Structure formats: structure tokens, C-alpha cells
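>>> Structure, please.
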Amino acid sequence: MESTSELQHNLDSPQGTKFDAEQQIDPEQWELYLAGQRKPDPEPVDADANPEQDALLKEQLQRLSSAIVHKAPYCQGTIPLPAEASTLFYGRPGNAHAVNLTHASLEELQHLAETCDPATFGVDQKDVYDEAYRKAGKLDSSDFALNFSPERAGVLEAVRAELLVEGRKSTTDSILAELYKLNVYGPGSFFKAHMDTPRSELMLGSLVIVFPTPHEGGALALRESGEGERREWIFDSAALLDGASEPSIAYVAFYSDTEHEVMPVQSGYRVTITYNLYFVKDYAALGGAAPLAHPVGTNEELFRSTLRGLLEDPTFLPEGGNLLFALHHQYPLSTSHKSLEAAKQALRDVASRLKGSDAVILRVIQELSLEASLRIVYQDTGGFSDYTRYVMCDHVVDLENVPEVSDTLSSFLRRKEKGVLLNPDTKRHPWYAEDPDTAQAHWIVSSPWKFNSTHTTYMAYGNQASFEHTYWRISIFVCVGPVGRRETVTAELTTQK
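As a prediction, the model looks like this:
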């Protein structure tokens, strides 16, 4: 067996894999590796604990995880459509037309559909046209006009109350709706399952307005994957509008990381306009008065009471420790920044854009005076190892533009980016016990690691260059003080070995 110092010299293996002090070479595992039978990578493991407290701590952490309630990632409803807002003007210069969407004839709707361009969809930052994946018509915002405003109609306030208020620190936060496109789904039209491409780091989601044009089918299916389950909801605009007592529009708003699918239209024409929704910090700047109500979700109170109860329990992390909440939702975050400080600030800024249960978690933690900060956690499955390593950074790393990663990803992140190795196996690798760049953290993960994580490919070098990949997730890192001093003031890592 090579010494630790020899391992740190990155000796080349027969397969071109370099080793370092993070990797304990075991003859049996080496034979499995050469035979292509490496052990499967486990999910993140919790920090080492006293054997007598293991079962109790596991139950306490499970109780905390179960108190995180994920609401449906969308809201829906109907609102009466004023007569003055029902006329759609469309077309190109010199060939303009108008149609009243509350009582449009089949011929008028067919003309509108024929005026549209084929609808495309985004793949790898490119617009792609493929009727096997999406069959619909579209008009850009410059090619139509409508005297309809989601602000004036009260739609945005309803969306704000459902999607934004939960977990917010301030009731002055609001949403800006940017008109995007008009779409027409005729008989046989559809759009297969997809997620919207965020057009800004401030993007919250999408708002779809469905007009009262006669149609059957075209329901919108919304889906979300979680731990061992896949939830689905159906927004059936045709049924909602058919049951309205007066001309109305149906609306649905959903987070940008929500998978959705437009089911085939069976008859008639489904006419929609879509708005991109963005975070806005100052509600008054949009001309509205700050709401008088201050809703408190029942899921927020459940998490608050559960966490407070654990902090008051002397058996819960009696010496203090760290909690790590992997976020449930995805958030657009650029990997390219002019400086390290800019990259750190970009991650800090995500805190003001958290959605749903993620926002609830951060809000409650801060209310209880626990130091919390956002971190990027990278998964490293490369090189020779019988377990997966996780490294935590205070900024996102532009790995795709790194010239080379000449050793394991975890070693590179620790050496070049000041990353912190999470939950190292100090029994197998005793030198980690005194390593200041490691930390023990108890994971609260609501879904398998690869769900809602970001995939990144990078260039790795052994004896020859190869492409490797990693998955990373934004997480909330929380410091918990010992019994009697639970409140934490700084974000320094609590190293419970």
C-alpha cells in the first residue's frame, strides 16, 4: 500500500486514473475497478454519530424532513373577461385583422390559426421546429395586440398570493408579467412534455391565459418528480370555461422548473397568450399598494414548530452541528462571472428568489436565529473510489471552461476553489479528522440527487484527456449551536467529527 505522501503525488494507475489522498486503495476494490464492477454510488450519507444516538438522530431528521410540505407548483382559476378586453388585433403591416374572442366563429379562428407561424421550442439555446414534438401556431408579441392586462384583471395578484407570498420575508415583493407569445392549438395540435427555458436569473415562471374560444381537449398536464413519486395535476381550461356563467378567461401560472405538456386538442381552437413572470422587489414601483393581508401557510407553521421543537430538545445535536437542505426547485444561475466575488454574490442573490417550500425553509431558519447561507454542492463520482464524494462551494464554478481537471474533481474544487469536503470517512481515512477543509453535515434531501440538479461536463486528464460529468445542487447550509446556545452568529463551519 502506498503512503499518503505518495498518493498525493498523483501516481498514474494502469487505467490512466490519478489518485490522491482522498482515495484509499483497497486491493479488492482495485480488482473490481479493473473488472468494471465498481460498487454503485450511494446517496449522500449523514455525518458520523455516536452509536447510541444514531437511531434517535435518524428519527429526528426524518421528522424534520417530513415537516417540509411541497405545495403544488402552480395555481389556476377563472376571471371574467371585460367586453373591452375581448378583441384581438393581429397580422402584419398592411394585412391587419380583428376577432372578438368571446364569440368568434370557426372561420375566424381558422383564419387566425392560418396567420400564425409554426411554433418552435428551445433545445440547447436554439429554436427547433419539429411537428412530432410540438404542433401549434404562434404569433410574436409584435404581431398582435389586445386590451387585456393581467395586472388590471387581478390575475397577477392572485398568482402572487399563491406562488410568491409563501415564505417571503417582505410583502412588497411582487411579480412582473412580460408579454411573450400568442399560441393557437387547432384540432390535433399538442406540445409534448417539456420545461421552459429560463430567460433570466430573475425568472419565476410562466402565466398562460386561455380565452373562451370553443374547444375540446388541450388540457395542460403539470408534473413534478420527488422522492419515489411523480405527481401530476391537470389544468382543463375547456372544462373550466364551459362551466363559467359569463365570458371569462382561464389562467394557470407555474414555476419554470415544472414539467408540463399540452394534451392533443380534439376539436375547436385553443387560443392562449403566455407571459414570462419575473421577480420584482418593489411592489409599489409597479403602481400597486402593498397588500394588507399577511398570509401564513399551514406548511410553514408545521416546519417552524417541528424545527423549534428539535432545537429545544437536548438530545438533538447536543454538541451542535450542521444541516444541509438540498433545494426542491431549480433556479437559473449563470456559471460565467467576471470575478470570484461576482460569482459569490450571484449565489447569494438566489436567496431572494427562492420558491415554495425552499423559501419557507430559509425564512423559518432565519427567524430562529440560525446562520444560513446558500452553497453549491458538487457530486464527484470520477476516479477510483467505492463511494461518491461531495464538495461544497460558496460559488458556482465554471467547470466547462476550465482548461483541465488534472486530478479528481473533489481535489480540484478543494485546491482551486476552496471547496469543503462533506462527510469524509474518517475511519478509513483518519487524516481527515484534523483537516480544516472538511465538514460533517446532516442531509435533508427531499428528492434523489439527480432530480432538480444541474449537469455539467468538464475535461479531465489522466494519461489521456476524457470528458467527465458532475451533478450539482444549490443547498441551504445551516449552523446549529450546542444545547443552551442554539443561535449561531457566523457562517463558520461546525466541524463535528
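
>>> going forward, measure contacts and count neighbours with C-alpha atoms only.
Noted.

>>> which residues touch Y74?
162-163, 252-255 (C-alpha atoms under 8 Å, 6 or more residues apart in numbering).

>>> so of those, which ones are in strands?
The strands, defined by DSSP state E, take in 252-255 from those.

>>> closest to G122 among those?
G122 has its nearest neighbour among the ones in strands among the contacts of Y74 in Y255, at 17.1 Å by C-alpha to C-alpha.

>>> how near is the closest one to L81?
Separation of Y255 from L81 (C-alpha to C-alpha, to the nearest Å): 25 Å.

>>> before we move on, what about Q110?
Distance from Q110 to L81, by C-alpha to C-alpha: 22 Å.

>>> Which strands and helices lie in contact with the strand or helix carrying F89?
According to DSSP states H and E, F89 maps onto strand 87-92. If contacts are counted by 3 or more C-alpha pairs under 8 Å, 6 or more residues apart in numbering; DSSP states H and E, strand 87-92 sits against strand 95-100, strand 144-146.

>>> Check what contacts the last one and list those residues.
Strand 144-146 is contacted by residues 85-91, 182 when judged by C-alpha under 8 Å, 6+ apart.

>>> Next, the residue nearest the centre of the chain: secondary structure please.
Computing the C-alpha centroid of the chain and ranking residues by C-alpha atoms, centre = their mean puts Q330 first, at 1.0 Å. At Q330 the chain is in coil, as set by DSSP: H, G, I helix; E, B strand; the rest coil.

>>> just to revisit the earlier point, any chance of the contacts of Y74 in JSON lines with pLDDT as columns?
Output for the contacts of Y74, formatted as JSON lines (pLDDT from 0 to 100):
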{"residue": "E162", "pLDDT": "82"}
{"residue": "L163", "pLDDT": "81"}
{"residue": "V252", "pLDDT": "95"}
{"residue": "A253", "pLDDT": "94"}
{"residue": "F254", "pLDDT": "94"}
{"residue": "Y255", "pLDDT": "92"}
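
>>> May I ask which of those residues has the most neighbours?
A253 (27 neighbours; other C-alpha atoms under 10 Å).

>>> Contacts only, for it.
Residues in contact with A253 (C-alpha under 8 Å, 6+ apart) are 74-76, 159, 205-208.

>>> Identify the bridge partners of it.
C75, L207 (DSSP bridges).

>>> Same question for L176.
Under the criterion used (DSSP bridges), L176 bridges to Y278.

>>> and it, how many neighbours?
L176: 20 neighbours (other C-alpha under 10 Å).

>>> ok, now how distant is it from L422?
L176 is 39 Å from L422, by C-alpha to C-alpha.

>>> now that we're looking at L179, which residues does it contact?
141, 273-276.

>>> Quick check: it vs E201, distance?
18 Å.

>>> what does K126 give?
From K126 over to E201 the distance is 18 Å, taken as C-alpha to C-alpha.

>>> Comparing these two, which residue is more hemmed in?
E201 (16 against 9).

>>> Pretty sure that one sits in a helix.
No - per three-state DSSP, E201 lies outside any helix segment and is coil.

>>> Help me confirm that it comes into contact with Q330.
No - if you go by C-alpha atoms under 8 Å, E201 and Q330 don't touch, sitting 10.9 Å apart.

>>> quick one: the helices in the stretch 51-200 of the chain?
Secondary structure of the stretch 51-200 of the chain (DSSP state H, counting those that start in this stretch): helices at 51-66, 106-115, 155-159.

>>> just so I know, which of those helices lies nearest D407?
That would be, of the helices of the stretch 51-200 of the chain and by C-alpha to C-alpha, helix 51-66, which comes in at 34.5 Å.

>>> Quick one: residues in contact with that closest one.
303, 306-307, 310, 316-317, 444-446.

>>> Helices - which of the residues you listed land there?
Per DSSP state H, helices hold the following members of these: 303, 306-307, 310.

>>> quick one: L146 from A153, how far?
If you go by C-alpha to C-alpha, the gap between L146 and A153 works out to 13 Å.

>>> scratch that, G484 is what I was asking about
For G484, the distance to A153 - C-alpha to C-alpha - is 52 Å.

>>> between these two, who's got more neighbours?
Counted by other C-alpha under 10 Å, G484 and A153 do not tie: A153 has more neighbours, with 15 against 12.

>>> Distance from the chain centre to the helix or strand encompassing V364, please.
Using DSSP H and E, the element containing V364 is helix 356-367. Averaging C-alpha positions (C-alpha atoms, centre = their mean, to the nearest Å) puts helix 356-367 15 Å from its chain's average.

>>> ok, and for it, which residues are buried?
The neighbour-count check on helix 356-367 (16 or more other C-alpha atoms under 10 Å) flags 356-365 as buried.

>>> What lies in contact with the following helix or strand past that helix?
Following helix 356-367 in sequence order, the next helix or strand is strand 371-380 (DSSP H and E). Identification of contacts with strand 371-380 by C-alpha under 8 Å, 6+ apart yields 347-348, 351, 362, 365-366, 388-396, 408-410, 470-480, 487-491.

>>> swap in stretch 101-112?
Taking C-alpha under 8 Å, 6+ apart as the rule, stretch 101-112 contacts 86-88, 90, 99, 184, 211-213, 247, 268-269.

>>> Endpoints of it, how far apart?
By C-alpha to C-alpha, one end of stretch 101-112 lies 11 Å from the other end.

>>> Check stretch 71-82 too.
One end of stretch 71-82 sits 32 Å from the other (C-alpha to C-alpha).

>>> Leaving out chain neighbours, which residue sits closest to P118?
G137 (4.7 Å; C-alpha to C-alpha, 6 or more residues apart in numbering).

>>> what sits against the one you found?
113-114, 116-119, 183-185.

>>> From V184, how far out is it?
Using C-alpha to C-alpha, G137 is found at 5 Å from V184.

>>> again with H329
For H329, the distance to V184 equals 30 Å [C-alpha to C-alpha].

>>> Same question for K58.
Relative to V184, and taking C-alpha to C-alpha, K58 is found at 52 Å.

>>> Now do stretch 233-249, average pLDDT.
With pLDDT averaged residue by residue, stretch 233-249 scores 90.

>>> buried ones in it?
Per 16+ other C-alpha under 10 Å, stretch 233-249 contains these buried residues: 235-238, 240-242, 247-249.

>>> Dump stretch 332-351 to PDB, restricted to CA.
C-alpha atoms of stretch 332-351 as PDB (Å, rounded to 0.1, in the frame of the first residue of the first chain):
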ATOM      1  CA  PRO A 332     -31.300  29.700 -13.200                       C
ATOM      2  CA  LEU A 333     -27.700  30.600 -12.200                       C
ATOM      3  CA  SER A 334     -25.000  31.700 -14.700                       C
ATOM      4  CA  THR A 335     -21.700  29.900 -14.400                       C
ATOM      5  CA  SER A 336     -19.700  32.700 -16.100                       C
ATOM      6  CA  HIS A 337     -18.700  35.700 -13.900                       C
ATOM      7  CA  LYS A 338     -16.100  38.400 -14.200                       C
ATOM      8  CA  SER A 339     -14.700  37.700 -10.700                       C
ATOM      9  CA  LEU A 340     -14.900  35.300  -7.800                       C
ATOM     10  CA  GLU A 341     -16.800  37.900  -5.700                       C
ATOM     11  CA  ALA A 342     -19.300  38.300  -8.500                       C
ATOM     12  CA  ALA A 343     -19.800  34.500  -8.600                       C
ATOM     13  CA  LYS A 344     -20.400  34.500  -4.800                       C
ATOM     14  CA  GLN A 345     -22.800  37.400  -5.000                       C
ATOM     15  CA  ALA A 346     -24.800  35.700  -7.800                       C
ATOM     16  CA  LEU A 347     -25.300  32.700  -5.500                       C
ATOM     17  CA  ARG A 348     -26.300  34.900  -2.500                       C
ATOM     18  CA  ASP A 349     -28.800  36.700  -4.700                       C
ATOM     19  CA  VAL A 350     -30.700  33.400  -5.300                       C
ATOM     20  CA  ALA A 351     -31.900  33.600  -1.700                       C
END
